[in-house]
Each structure stands twice: as structure tokens, then as C-alpha cells.
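**Student:** coords below, sequence missing:
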């Protein structure tokens, strides 16, 4: 079943989304995780705690727009997180498009270099926002 962006979220889904948003932002601000890592680690903790924390290393190259300034690392890490949790190729593709569309609607672009020039200092906040949006899309079925 695809995520319905027009669906009213339950209180549980809103709370989990907020928790993910706050956790990812905090992880980023800690300096131990960059954007992609913070998003993936947050979603892993809430939705797939059975996966080892070492899985976060698979997105280490995505920080800073894959070190080249291209696509935002939070969006890249989020795409990986969706695929790890979801497991359904067609639905993952749909959710990834929704994530990109939402992000582009919010920030105008998905290019890391452009975002960092036009929205200085926003990376911790947008990292949290991406994790929160993914939690909304995945629903309130996170691990408690």
C-alpha cells in the first residue's frame, strides 16, 4: 500500500515523526554523524533495530552531496533508509519520488551546494525534517 500524502496522520504517527525529526537533528549536531548517516541511523533505530548500526557506514560517502555538492546527503540517506525498511521495490520507488518532490518543494532544489549557499546553516534542521518526513511516509509502525 502506497503512502497517501493526503491522509490524516494518527497521533502515534505524528509523535513518531517528531521523535525521528528531533533524533536525527540531534545526531547531526553531535558531530558523530553527517546528514545521510543521521537520517539512516534514526530510521534504523525506529523501524529496523535488528539491523546492525554498522549499516550506517554504507551511506558515509553521501555527506556533503556525495562530497561533490550534488544531491543532498539527507535525501540520499533517506532513500537508502526507505529501501531498507520497506523492502518493496515499487513502493520504495514511489516513496523516494515523494521524498524528493517534498524536499524540492520545501527547499527549491535537492542540490546540496545550492542549499548550503541559499539556506546557510540549515543542514541540521533539514536532516531532522527528512527523517521526520520519512517516518510520516512509513507510518506509525516504528519500533518502541
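**Tutor:** Structure received. Computed from a prediction, not measured in an experiment: that's the story for all the values here.

**Student:** And the contacts of the worst-scoring helix or strand of the chain on mean pLDDT?
**Tutor:** For the chain, counting by mean pLDDT, DSSP states H and E, helix 63-64 ranks last in confidence among helices and strands (a mean of 82). Contact partners of helix 63-64, identified using Cβ atoms under 8 Å, 6 or more residues apart in numbering, comprise 34-37, 73, 112. Backbone N, C-alpha and C define where each C-beta goes, glycine included.

**Student:** Need the max-distance pair from those.
**Tutor:** Greatest spatial distance in the contacts of helix 63-64: 37 and 112, 14.4 Å, computed using Cβ to Cβ.

**Student:** re earlier: among the contacts of helix 63-64, name the ones in helices.
**Tutor:** 35-37, 73, 112 (DSSP state H).

**Student:** Out of those residues, which end up buried?
**Tutor:** 35-37, 73, 112 (16 or more other Cβ atoms under 10 Å).

**Student:** Among the residues you listed, which one lies nearest to residue 23?
**Tutor:** Closest to residue 23 out of those is residue 37 (12.4 Å), distances taken as Cβ to Cβ.

**Student:** ok, that closest one - contacts?
**Tutor:** 27, 56, 59-60, 63, 77.

**Student:** Contacts for stretch 88-107 next, please.
**Tutor:** Taking Cβ under 8 Å, 6+ apart as the rule, stretch 88-107 contacts 1-3, 5, 72, 75, 78-79, 82-83, 86, 110, 115, 119, 122, 126, 129-130, 133-134, 137-138.
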